[in-house]
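Novice: sequence? don't have it. structure:
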C-alpha cells in the first residue's frame, strides 16, 4: 500500500445449546478485535453482485465454503456491517440467522464436527457505508470499486475479515454492457444477458487475503503493457495490463511502461510471480496504491503524475509480500509494508544503479526519523484503528531492518533466506518469528538479538564517534558513544580512514553505550569517516 502523503515510495463457531441471543453476545465479546485463531477455516467465497450507474445500492449473494475446526459447532458468525440480509441457507436448506452489531450469525441446523465442510449462502443488499465505493470519477463518469483494506470488506460481503484466513474467491458481476469489469484472478467468462446487461466472471484458485478481494467496474479501457516470464520454463507467463479511464489511457501507457520489467525482476530475485495476471487499475481507492492480489488499484490521480516508478515498484513487490505471503496478525504488518518498501528500493539499486538505491534508502531513513512513531516498537500492540499500523515503523524502519540484515549476512545468504521464506509460506501467512527462523536456518547464526532490538524495542541508535591519533604508537584511538534514550544497540560500525598514500576500511562491533577501539595505521589519518555507506539506521556523527 502506498500513502501519497508519505515520503517513501471474524468468525466464531459456538458450542451446542446456545440461543441466537447468547451467540450474539459471545461473538461480540470474543471478536473485538478478532485474533489470528479461528474456529473455522474459510476455503472459498463466491460473490455475485449487480452494479450500475444509477444507484448507490446493490443486490448480492455470497456463498462461503469452510471447514469446521471445533467439535459441536451449531452456530457460525461472519463479519457483515450495515446491510440487509434477506435470507440464509446452509448446504442448500433455508437456515435461521440474526444480524446483530457487526456480525451475521447463522444456525447450522446440526452439530458440526472437526473437518466437516459447510456451505453457507447469504442473500443480501443495501447501500454500503464503505468497502464498495459508488462514485463519479474525476471525469464525471460513474464507477464502482472495492476498497477493502484493512477490514472493510465486511461492508459489502460477509466473511472472515482478517488476514489470518486466506481463501479463494469468485466474483460474478452484472453490469451495463458499456461498462467493463476487472477483478482479482483470471477472467473465466463474459455473458450477454437477456436484460441487456453483461455478466463478468472473475476467479482465482489461489488463496488470497480478504482485504485484496476486489472488483472494479465502469467505463474502463484495457491495454496490454507486456508480458514477463514467458520464455522461462520455471516461471509462469504473466500478462501485464492496464485498466484506465479513456481520457488517461495514453499517458498511463507511458507512465506504466516499466511494470513488466519490475515483475520480471522480482520473479528472478524472489520466486515465481504468484498469480494468474497483473492488472494495473486506475480507481477510486483512498490510497495512492493498493496491492490487491493480481489487480493493483491505483489512485485516479495517477493520471496527473509525471512518474509512477516508485509507486509501481512498491505495489508490485507487494504481490510477493503482503499478498502471496501475508502477515498473520496486524502488529506484524511490516512483513508486508516494510518488505514492499525495501524491495522497491532493491529494484532501483540493482537495475538503475547503487546510487539510486542509496538515495531511496536515505529518503526512507529521513522520513522515519521524522516519524511520530520512533518511540514505539515495530511490532506493537494492535490499535483499535487499524489504519494506525501504517506508520514510519511498518514502512521505513521495517525496510531498514531488512537492509541491515542484508548488510550483516551478505547478499548471497540474505537473498537465499528471502527466497526460502517466500517459497515456504507461499499462499499462506507468517509472523515475524517465522521469518527469523528461516533466516537463522539459512545463515546458521543466532539472530535473536537482531530481531529483538530492531523489532521489539523502540528507537534507533544515535552515535557519536571521536578519535585521537597517537603518533608515537601510530595508533588511532576510536571512542564510540550511543546517546539515544532507548538503551544500547548492537551493530557493526564501518570506519573509513584516509592518510598520505593509503585508504583503509575496518568494521568494529559496537555493543555498549560507550566503546573504545584501537587501530594501527601506517601514518597519521587525514580523514576519518564513520558509517560511510549509511548502513546503520540513525545518525552517526564524527564529533572531532
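Specialist: Thanks, I have it. Keep in mind that this is a model prediction, so the values were computed, not measured.

Novice: for the residue lying closest to residue 414 once chain neighbours are set aside, the count of nearby residues, please.
Specialist: Leaving aside its chain neighbours, residue 414 sits nearest to residue 406 (4.1 Å; criterion: Cβ to Cβ, 6 or more residues apart in numbering). Heads up, the C-betas are built off the backbone N, CA and C, glycines and all. Residue 406 has 18 neighbours, counted by other Cβ atoms under 10 Å.

Novice: any idea how far residue 406 is from residue 418?
Specialist: 9 Å (Cβ to Cβ, to the nearest Å).

Novice: who touches the one helix or strand the residue nearest to residue 414 maps to?
Specialist: Assessed by DSSP states H and E, residue 406 sits inside helix 398-409. With contacts defined as Cβ atoms under 8 Å, 6 or more residues apart in numbering, helix 398-409 is touched by 8, 334-335, 337-339, 341-342, 345, 361, 364-365, 368, 378, 414-415, 417, 439, 443, 445, 447, 450, 454-455, 491-492, 535-537.

Novice: what about it, average pLDDT?
Specialist: The average of the pLDDT scores along helix 398-409 is 98.

Novice: after that helix, which helix or strand is next?
Specialist: Next in sequence after helix 398-409, counting helices and strands by DSSP H and E, comes helix 411-425.

Novice: other SSEs contacting that following helix?
Specialist: Applying 3 or more Cβ pairs under 8 Å, 6 or more residues apart in numbering; DSSP states H and E, one finds that helix 411-425 makes contact with strand 325-327, helix 398-409, helix 432-443.

Novice: how about JSON lines for these, with distance to residue 521 added?
Specialist: JSON lines is the format used below for the helices and strands packed on helix 411-425 (distance: least, Cβ to Cβ, whole Å):
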{"stretch": "strand 325-327", "distance to residue 521": "47"}
{"stretch": "helix 398-409", "distance to residue 521": "25"}
{"stretch": "helix 432-443", "distance to residue 521": "32"}
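
Novice: and the gap between residue 49 and residue 215?
Specialist: Residue 49 is 8 Å from residue 215, by Cβ to Cβ.

Novice: who's more crowded, these two?
Specialist: Neighbours were counted for residue 49 and for residue 215 using other Cβ under 10 Å; residue 215 has more, 26 against 23.

Novice: surely that one is in contact with residue 179?
Specialist: No - look at residue 215 against residue 179 with Cβ atoms under 8 Å: they stay out of range, at 11.5 Å.

Novice: need the overlap of contacts for these two.
Specialist: Overlap of the contact sets of residue 215 and residue 179 (by Cβ under 8 Å, 6+ apart) is empty.

Novice: just the buried positions in stretch 426-439, please.
Specialist: Neighbour-count burial for stretch 426-439 flags 427, 429, 430, 431, 432, 434, 435, 436, 438, 439 (criterion: 16 or more other Cβ atoms under 10 Å).

Novice: rewinding a little: which one of the helices and strands packed on helix 411-425 lies nearest to residue 111?
Specialist: strand 325-327 (32.0 Å; Cβ to Cβ).

Novice: which other helices and strands contact the closest one?
Specialist: Strand 325-327 packs on helix 334-347, helix 411-425, strand 428-430, going by 3+ Cβ pairs under 8 Å, 6+ apart.

Novice: hmm, who's touching that strand?
Specialist: Here strand 325-327 makes contact (Cβ under 8 Å, 6+ apart) with 163, 166, 209, 333-336, 421-422, 425-426, 428-431.

Novice: from those, which is closest to residue 243?
Specialist: Ranked by distance to residue 243 (Cβ to Cβ), these are led by residue 209 at 21.2 Å.

Novice: pLDDT of stretch 103-114, averaged?
Specialist: For stretch 103-114, the mean per-residue pLDDT is 95.

Novice: centre of the chain to that stretch, how far?
Specialist: For stretch 103-114, the separation from the chain centroid amounts to 32 Å (computed by Cα atoms, centre = their mean, to the nearest Å).

Novice: mind listing what's buried along it?
Specialist: In stretch 103-114, counting by 16+ other Cβ under 10 Å, buried: 103, 104, 105, 106, 107, 108, 112.

Novice: kindly report the same for stretch 44-54.
Specialist: 44, 45, 46, 47, 48, 49, 50, 51, 52, 53.

Novice: from the rest of the structure, what touches that stretch?
Specialist: 58-65, 132, 134, 142, 144, 156-157, 159, 167-176, 179, 197, 213, 215, 217.

Novice: buried ones among these?
Specialist: Judged by 16+ other Cβ under 10 Å, buried ones among these: 58-62, 64-65, 132, 134, 142, 144, 156-157, 159, 167-176, 179, 197, 213, 215, 217.

Novice: how is this structure divided into domains?
Specialist: The record's domain split for the chain, according to automatic domain parsing, is 20-318, 329-455, 463-542.

Novice: relative to residue 1, which of those domains is closest?
Specialist: Closest of those to residue 1 is domain 20-318, at 5.3 Å (criterion: Cβ to Cβ).

Novice: ok, back up a step: now render the domains of the chain as CSV, adding distance to residue 1.
Specialist: Below are the domains of the chain laid out as CSV (distance: least, Cβ to Cβ, whole Å):
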stretch, distance to residue 1
domain 20-318, 5
domain 329-455, 7
domain 463-542, 22
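
Novice: least confident of those domains, on average?
Specialist: Lowest mean pLDDT within the domains of the chain: domain 20-318, at a mean of 92.

Novice: all helices of the stretch 251-400 of the chain, in order?
Specialist: For the stretch 251-400 of the chain, the helices defined by DSSP state H, counting those that start in this stretch occupy 259-269, 309-318, 334-347, 354-369, 398-409.

Novice: tell me the buried residues in the fourth one?
Specialist: Residues of helix 354-369 classed as buried under the neighbour-count rule (16+ other Cβ under 10 Å) are 357, 360, 361, 363, 364, 365, 367, 368, 369.
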